[in-house]
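K.L.:
model the following, please.
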Amino acid sequence: MPTPEIVTLDVWTVAPQDVPRALWRMATDRRALARLPGARFAKLLGTGDGRTFTVRDADPLRWAVLLAWDRSADADRFEGSRPERAWDAIARERVQFRLSPRSSRGRWSGREPFGTPAPGDEAGPVASITRARLRPTKAASFWRAVPPVSRELQTVEGLRCALGIGEAPLGYQGTFSLWESTEALREFAHRRAVHRDVMARTPREGWYAEELFARFGVVEVRGTLDGRTP
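P.N.:
Numbering: from 1, shown residues only. Down below sits the predicted model:
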């Protein structure tokens, strides 16, 4: 698949009384997103704090839409679309991350949504998306391995925000993280012992039936998350 020019991740926070409306949007927006002009890949996502990657992490007040676009102009036209208006109508807060793919390996639902980006400028803030479909027989082992990594993540200098993301309460899990620099991301991914250990165990344990790791340059962050712009 060709590399999209821009990828957007929108995260909406809703009030407790609007959770049923958010669940309705999750159930009904799939086709509307797929029909958006220029949208080559679309996912409706729940979110959580990513500490255990079990249902205990889930945040029913926060929901996300990930879209990979042919062109930046297509992403601009998302504003004012029916799905965007519907989410904005029930949200009390919204943040949008506009991302430029820098590297991607693996598959998501059998596809390579971010193509095969050419190496680019390493300067400036970066974002990372990981996504995996767990093998049911390996899930318990994976869940035992995650908490030390999650605790370590919160101590890394240069992390601007991190969210757990998923398509289902169990088995389809991922992360989104935003970093001050490529160096800060590498410090966590390759130099922290607990993360290196999990990376080394992954092929031995066979946790994943499908996995994807992608890195992006941060083009722009619009809006707020927990009252501030990440």
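K.L.:
gap between Lys133 and Arg215?
P.N.:
Not Lys; residue 133 is Arg. Distance, Arg133 to Arg215, by CB to CB, to the nearest Å: 20 Å. In this view, the C-beta of every residue, glycine as well, is placed from N, C-alpha and C.
K.L.:
same question for Ala42.
P.N.:
20 Å.
K.L.:
again, but for Pro4
P.N.:
Taking CB to CB, one finds Pro4 at 14 Å from Arg215.
K.L.:
give me the phi and psi for Pro125.
P.N.:
phi -60, psi 150 (degrees, to the nearest 10).
K.L.:
kindly report the same for Glu183.
P.N.:
Torsion angles, degrees, to the nearest 10, at Glu183: phi -60, psi -40.
K.L.:
repeat that for Asp76.
P.N.:
phi -60, psi -40.
K.L.:
pLDDT score assigned to it?
P.N.:
pLDDT recorded at Asp76 is 96.
K.L.:
same deal with the one 10 residues further on?
P.N.:
On pLDDT, Ala86 comes in at 96.
K.L.:
check the one 10 residues further on too.
P.N.:
At Gln96, the model reports a pLDDT of 98.
K.L.:
tell me the contacts of it?
P.N.:
Residues in contact with Gln96 (CB atoms under 8 Å, 6 or more residues apart in numbering) are Thr8, Leu9, Asp10, Val11, Val221, Arg222, Gly223.
K.L.:
sec struct for it, please.
P.N.:
strand (DSSP: H, G, I helix; E, B strand; the rest coil).
K.L.:
which strand residues bridge it?
P.N.:
In this structure, Gln96 bridges to Asp10, Arg222 when assessed by DSSP bridges.
K.L.:
ok, and the closest non-adjacent residue to Phe97?
P.N.:
Leu9 (4.5 Å; CB to CB, 6 or more residues apart in numbering).
K.L.:
test my guess that that neighbour contacts Ala75.
P.N.:
No - counting by CB atoms under 8 Å, Leu9 stays clear of Ala75, with 11.1 Å between them.
K.L.:
now the strands for the protein?
P.N.:
Ranges of strands in the chain, per DSSP state E, are 6-14, 39-48, 58-69, 91-106, 126-134, 159-166, 172-179, 208-223.
K.L.:
got JSON lines for those strands, with distance to Glu84 too?
P.N.:
Listed next are these as JSON lines, based on distance: least, CB to CB, whole Å:
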{"stretch": "strand 6-14", "distance to Glu84": "8"}
{"stretch": "strand 39-48", "distance to Glu84": "12"}
{"stretch": "strand 58-69", "distance to Glu84": "9"}
{"stretch": "strand 91-106", "distance to Glu84": "9"}
{"stretch": "strand 126-134", "distance to Glu84": "21"}
{"stretch": "strand 159-166", "distance to Glu84": "19"}
{"stretch": "strand 172-179", "distance to Glu84": "19"}
{"stretch": "strand 208-223", "distance to Glu84": "12"}
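K.L.:
all set, thanks.
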